[in-house]
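>>> Structure, please.
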Amino acid sequence: MQGTTLFLFTNDLRLSDNRAFMEAAGSCKNLVCVYCVDPAWFKPGRYQSKVMGDHRWRFLRESIESLESQLEQRRQKLLIRLHNPLQAVGRLLKAHEIDTVYRSQNMGYQEVKYWQTLKQLFPSVTFKEVATYSLFQQEELPFELKDLPATFTQFRKQIENLHISEAVTAPDIIPRPMPGLNYRSDWLPATGKTGSPFKGGETAGAGHLKQYFSTMQPTTYKETRNALQGWETTTKFSPWLAHGCLSSRQIAQALRHFESMIMANESTYWIQFELLWREYFQWYALKHGVRLFSSRGIKDKCKLSCFYPERFQKWCAGNTPWPIVNACMKELQATGYLSNRGRQIVASCFIHELGMDWRYGAAWFEQQLVDYDVGSNWGNWQYLAGVGADPQGCRHFDLDKQTRQFDPDGSYVKRWEGNKTYPLDSVDAADWPIMP
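Take a look at the predicted model:
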């Protein structure tokens, strides 16, 4: 048994069905539990947006506090550091005799990069990753990562009959904190009031999972999933999945139980179908790395676009010529959430009607969405821009048709006050005023 192990919590803010944490806890005498809050999250980046907006940060902070409580119940502590993981973990490894560092496998390019850097800087320390964010371990896939299918349909046909392992319960007893370590956590940024209907944390996520499958909503999911509004129209698992408060295996297990005990139909299958879409984008992100953020996408396809500051600000604020787009963007700004159909509508508008570089839209979603996930977000934006995994090329939505189909009575636009429209531009390409 090892002496002291450091476990770095990332997108796995739970103890149940956290195999990385269980493996770490089962192999050491002392355990240091760490979570890093990167100050860079709260500063604007290259695409005008921050990594962490108010809605997402409030949910994340609630999830961290829930994790703290879970650990305290088991006589452990969570050491919170207001530094990026490379700095925080590096300082701990230099200052203390830590044998091993564990974390859940991360699929994002930056997360992979700093992990590799830590390995290079500390060759005497053992670094281990276990997949907890995906349905499968990488070695369970029926192909090498380099051979990941180019489209979701090809991927789904190869994996949908694979066995999904059972979710494991949280350990009751875990190793004690490392003696002599100052466990005073860094101060965390405050959270403002938001209109998000979601509460972060493992307890809240488990409660929602139980509540959803105690209803008949799963049996109508396929018919209601494209609705623009309504709490009961979709599963609403995504915020807890994104932060690792719930695992995809836990959802798959609850779904199997529902199908065996209550009903299995096309709608319940479609919940599994959506879990597989999420799975595809995880491995997609890991395979393609930095190309996930390239304007040319994974297809290396030239996409003619530009950045118009005025158009960008109007789109973000919901002040465009299109009421359906305005309503969606105002809901996103007010709540940190938007239906899948709404996301497709506003992304299509951003790419085609506005002619904008899709990466600015993806970055705004990263800031705003309470359920932001690097693979799903950037993979879906690539898909709609025609530079990703879509075999049909780009997807251009007819905004009038979308309005007639998904908001026929205008109730959604009215609720979010999207009817007040504005001209697309106030100046022309040479910055001369456009006169009425």
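>>> backbone phi and psi for R176, please?
phi -70, psi 160 (degrees, to the nearest 10).
>>> Not counting its neighbours along the chain, what's nearest it?
Counting by Cβ to Cβ, 6 or more residues apart in numbering, N30 is the residue found nearest to R176 once chain neighbours are left out, at 6.1 Å. Yep, even glycine has a C-beta here, placed from its N, CA and C like the rest.
>>> so that neighbour sits in a strand?
Yes - assessed by DSSP: H, G, I helix; E, B strand; the rest coil, N30 belongs to a strand.
>>> What pLDDT does the model give S305?
With respect to pLDDT, S305 has a value of 78.
>>> before we move on, what about D431?
Among the per-residue scores, D431 shows a pLDDT of 65.
>>> Now do the buried residues in the helix or strand A252 falls within.
Assigned by DSSP states H and E, A252 belongs to helix 248-261. For helix 248-261, a neighbour-count test (16 or more other Cβ atoms under 10 Å) marks 248-255, 258-259 as buried.
>>> pLDDT (mean, whole number) over that helix?
On average, the pLDDT along helix 248-261 is 98.
>>> For that helix, name the packing helices and strands.
Packing contacts for helix 248-261, counted by 3 or more Cβ pairs under 8 Å, 6 or more residues apart in numbering; DSSP states H and E, involve helix 202-212, helix 266-288.
>>> how about the helices in the stretch 101-250 of the chain?
Along the stretch 101-250 of the chain, the segments classed as helices by DSSP state H, counting those that start in this stretch run 109-121, 152-159, 202-212, 221-224, 238-242, 248-261.
>>> relative to helix 202-212, how tilted is the last one?
To tie it back to what came earlier, the one meant is helix 248-261. Angle, helix 248-261 to helix 202-212, by axes from the mean of the first three to the mean of the last three Cα atoms, to 10 degrees: 20 degrees.
>>> The residue nearest to R176 bridge partners, please.
Bridge pairing for N30 (DSSP bridges) gives the partners T4, R176.
>>> That one: neighbour count?
Residues lying near N30 (other Cβ atoms under 10 Å) number 20.
>>> about what we covered before: not counting the helix holding A252 itself, show me its contacts.
For helix 248-261, contacts defined as Cβ atoms under 8 Å, 6 or more residues apart in numbering pick out 16-17, 133-135, 164-167, 209-210, 213, 218, 235, 237, 241, 268, 271-272, 275, 278-279.
>>> from the middle of its chain, how far away would it be?
Averaging C-alpha positions (Cα atoms, centre = their mean, to the nearest Å) puts helix 248-261 21 Å from its chain's average.
>>> Contacts only, for the residue most central in space within the chain.
Against the mean C-alpha coordinate of the chain, by Cα atoms, centre = their mean, the closest residue is D373 at 1.9 Å. Applying Cβ under 8 Å, 6+ apart to D373 gives the contacts 238, 241-242, 278, 281.
>>> is it true that I80 lies in a strand?
Yes - applying three-state DSSP, one finds I80 inside a strand.
>>> Give the residue spans of this protein that score low on pLDDT.
Residues of the chain meeting the criterion pLDDT under 70: 1, 427-436.
>>> Neighbours of D172, how many?
8.
>>> What is the burial count for K77?
Using other Cβ under 10 Å, K77 has 18 other residues around it.
>>> Over to R156?
17.
>>> again with the one 10 residues further on
Number of residues near E166 (other Cβ under 10 Å) recorded here: 12.
>>> Grab the nearest non-local neighbour of it.
Spatial nearest neighbour of E166, excluding adjacent residues (Cβ to Cβ, 6+ apart): Q253 at 6.1 Å.
>>> Quick check, R278 in contact with S376.
Yes - between R278 and S376 a contact is recorded at 5.9 Å, counting by Cβ atoms under 8 Å.
>>> out of the helices of the stretch 101-250 of the chain, nearest to E97?
The closest of the helices of the stretch 101-250 of the chain to E97 is helix 109-121. By Cβ to Cβ, the value is 16.2 Å.
>>> Which other helices and strands does that closest one contact?
Packing contacts for helix 109-121, counted by 3+ Cβ pairs under 8 Å, 6+ apart, involve helix 85-95, strand 126-130.
>>> how far is that helix from where the chain is centred?
Distance of helix 109-121 from the chain centroid (Cα atoms, centre = their mean) equals 20 Å.
>>> How about stretch 315-332?
Remark: stretch 315-332 is offset 22 Å from the chain centroid, using Cα atoms, centre = their mean.
>>> Check stretch 24-35 too.
The gap between where stretch 24-35 is centred and where its chain is centred comes out at 26 Å by Cα atoms, centre = their mean.
>>> Contacts for it, please.
1-10, 13, 64, 67, 71, 76-81, 88-89, 92, 96, 98-100, 102, 128, 171, 174-179, 181.
>>> ok, 7 Å please
Stretch 24-35 is contacted from outside by 1-9, 64, 71, 76-81, 88-89, 92, 98, 100, 102, 171, 174-178, 181, using Cβ atoms under 7 Å, 6 or more residues apart in numbering.
>>> From the residues you listed, list just the buried residues.
Listed as buried from the contacts of stretch 24-35 are 4-9, 64, 71, 76-81, 88-89, 92, 98, 100, 102, 174-175, 177-178, 181; burial here means 16+ other Cβ under 10 Å.
>>> Distance-wise, check the residue nearest to the centre of the chain relative to Q48.
Going from D373 to Q48 by Cβ to Cβ, to the nearest Å gives 21 Å.
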